[in-house]
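Asks: following is a predicted model, sequence given first.
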Amino acid sequence: MSSDSALRIIATNATEDVGAVMQEIGTRARAAARKVALSPAAQRDAALKAMAAALRARAPVILAANAQDLADGRKADLAASFIDRLALDESRLAAMADAVAEVAELADPLGRVLAEWTRPNGLRFERVATPLGVIAVIFESRPNVTADAGALCLKSGNAAILRAGSDSFRSSTEIAAAMREGLEAAGLPADAIQLVPTRDRAAVGEILAGLSGTVDVVVPRGGKSLVARVQSEARVPVFAHLDGNCHVYVHAKANLAMAREILINAKLRRTGVCGAAETLLVDEACAATHLGPLVTALLEAGCAVRGDPAAQAVDARVSAATQEDWATEYLDRIIAVKVVAGLDAAIDHIERYGSHHTDAIVTFDEDAAARFLAEVDSAIVIHNASTQFADGGEFGFGAEIGIATGRMHARGPVGVEQLCSFKYRVHGAGQTRP
């Protein structure tokens, strides 16, 4: 990688005006976006493979930077779940590089004919997939988002402006340097992936203002306060990634062994991810046989349980749940448990307290499952599987920028297809309009 590119990513001049720096980043991103949009798929794929190789080659540097971030995080007494999201090791870094390489193997999303038709006057219409342009991703703690977002934006012909959280700044800086190295190796502009080179929060405000029209969409990935700020201040479209208050509903006709396995995985596989289950709902029709074993399994696995009176009655270790617990994304080894009076009550609870992220039903009753999947208004609804499958890689998307919980344009895992827009191509043979 050229020293010029390295400086743009790594150096932070605290005396510079943040606004001026951000405007320059936007201008460079817009210029790079046009070149990337017009580049052939083979060149973009070559860049992705070079990025994966650079991530592997730079592993010692990236892990050293991450060790510094972790040390600072522990000094700041960050929560264990936050530290887990921040931490990289050889295995996670290898998985990150593999995910980037897998994006290269996906079908080219650009130029796809999404629909076509011919009018009576002979005009032939095509709706064709195109890039969105410049995508700004604002994220907290997870340094892997740097690689995932950069790879997905490149594959879909977009440029990316990445604003990492202060806690992951060093790690993200080194990862971004590897991504830019891959771009240059394939003859594409390094400015197609830019990491905001400052921790100053004023940079976020500049992005949300649109950087003089150079930003086409903003993707926030973080806690409620970040997403709320983005939604409140943004002057450009937003792909909202809200909190993951996810539910597992054990229906009357659920197999207990299956329910136990799904629940433990959904809650405890990784507690700090947005697809982790935060509330267990148990149907009163099976509570006599299922509630006790499920609560015991959670407690024995080291998970604190906050329950309604029925849940408290099965084990003295269960503490009383409050109204706030039903709406809380713990991101920790804590779960809320409630007995509900059937499918309607479960759906009503999820609608009232959920975040429209990911919710699951465990049952062998196909009719009940069909109703749950149809009536629960979440981005991802699951039958007889863990909520932790809420992940772009598990969907076959290669990776994801986040899970969009809004209803406009993108919903669920935001992969390469969701990072595309479209335009219309109209083919004529001399027609004029009367």
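Replies: Received the coordinates, thanks. Computed from a predicted structure; not experimentally measured.
Asks: where are the low-confidence patches of the stretch 101-250 of the chain?
Replies: Along the stretch 101-250 of the chain, segments meeting pLDDT under 70 span 242.
Asks: show me where it has its helices.
Replies: Remark: helices assigned in the stretch 101-250 of the chain by DSSP state H, counting those that start in this stretch are 144-155, 169-185, 202-208, 224-233.
Asks: in the shortest one, which residues are buried?
Replies: Of the residues in helix 202-208, those buried by neighbour count under the rule 16 or more other Cβ atoms under 10 Å are Ala203, Val204, Glu206, Ile207, Leu208. Using the backbone N, CA and C atoms, a C-beta is placed for each residue, glycine as well.
Asks: go on, the last one?
Replies: The neighbour-count check on helix 224-233 (16+ other Cβ under 10 Å) flags Leu226, Val227, Arg229, Val230 as buried.
Asks: same check, this time on stretch 300-308
Replies: Of the residues in stretch 300-308, those buried (16+ other Cβ under 10 Å) are Cys303, Val305, Arg306, Gly307, Asp308.
Asks: list of residues touching it?
Replies: Defining contact as Cβ atoms under 8 Å, 6 or more residues apart in numbering, one finds that stretch 300-308 is touched by 264, 267-268, 295, 298-299, 311, 315, 317-322, 325, 333-339.
Asks: change it to 6 Å
Replies: Stretch 300-308 is contacted from outside by 264, 268, 295, 298-299, 318-319, 321, 325, 333-338, using Cβ atoms under 6 Å, 6 or more residues apart in numbering.
Asks: swap in stretch 405-415?
Replies: If you take Cβ under 6 Å, 6+ apart as the criterion, stretch 405-415 is touched by 239-240, 242, 356-357, 379-380, 392, 395, 397, 400-404, 418.
Asks: re earlier: I'd like the buried residues of helix 224-233 laid out as a markdown table, including distance to Val103.
Replies: What follows is these, written out as a markdown table (distance: Cβ to Cβ, whole Å):
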| residue | distance to Val103 |
| --- | --- |
| Leu226 | 25 |
| Val227 | 25 |
| Arg229 | 29 |
| Val230 | 25 |
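Asks: and the furthest pair within those?
Replies: Val227 and Arg229 (7.3 Å; Cβ to Cβ).
Asks: quick one, helices of the stretch 251-400 of the chain?
Replies: For the stretch 251-400 of the chain, helices defined by DSSP H, counting those that start in this stretch occupy the ranges 256-268, 287-300, 309-314, 323-326, 343-353, 366-375.
Asks: and the third one, what does it pack onto?
Replies: If I follow you right, that is helix 309-314. Secondary-structure packing of helix 309-314 (3 or more Cβ pairs under 6 Å, 6 or more residues apart in numbering; DSSP states H and E): helix 287-300.
Asks: redo that, cut-off 7 Å
Replies: For helix 309-314, the packing partners by 3 or more Cβ pairs under 7 Å, 6 or more residues apart in numbering; DSSP states H and E come out as helix 287-300, strand 334-340.
Asks: out of the ones you listed, which comes closest to Ala79?
Replies: strand 334-340 (11.4 Å).
Asks: starting at the chain centroid, how far to the closest one?
Replies: 26 Å (Cα atoms, centre = their mean, to the nearest Å).
Asks: dump the residue contacts of the residue nearest to Leu263 when sequence neighbours are not counted.
Replies: Sequence neighbours aside, Val248 is the residue nearest to Leu263 in space, at 5.4 Å (criterion: Cβ to Cβ, 6 or more residues apart in numbering). Contacts for Val248 (Cβ atoms under 7 Å, 6 or more residues apart in numbering) come out as Ile262, Leu263, Ala266, Ala277, Leu280, Ala360, Val362, Thr387.
Asks: okay, these in a markdown table with pLDDT, neighbour count and distance to Phe125 next?
Replies: Below are the contacts of Val248 laid out as a markdown table (pLDDT from 0 to 100; neighbours: other Cβ atoms under 10 Å; distance: Cβ to Cβ, whole Å):
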| residue | pLDDT | neighbour count | distance to Phe125 |
| --- | --- | --- | --- |
| Ile262 | 98 | 24 | 46 |
| Leu263 | 98 | 27 | 50 |
| Ala266 | 98 | 27 | 45 |
| Ala277 | 98 | 28 | 45 |
| Leu280 | 98 | 25 | 50 |
| Ala360 | 98 | 29 | 41 |
| Val362 | 98 | 28 | 46 |
| Thr387 | 97 | 29 | 41 |
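Asks: how far does stretch 277-295 stretch from one end to the other?
Replies: One end of stretch 277-295 sits 14 Å from the other (Cα to Cα, to the nearest Å).
Asks: what do you get for stretch 251-260?
Replies: Its first and final residues considered, stretch 251-260 spans 13 Å by Cα to Cα.
Asks: please point out which parts of that stretch sit buried.
Replies: For stretch 251-260, by 16+ other Cβ under 10 Å, it's His251, Ala252, Lys253, Ala254, Ala259, Arg260.
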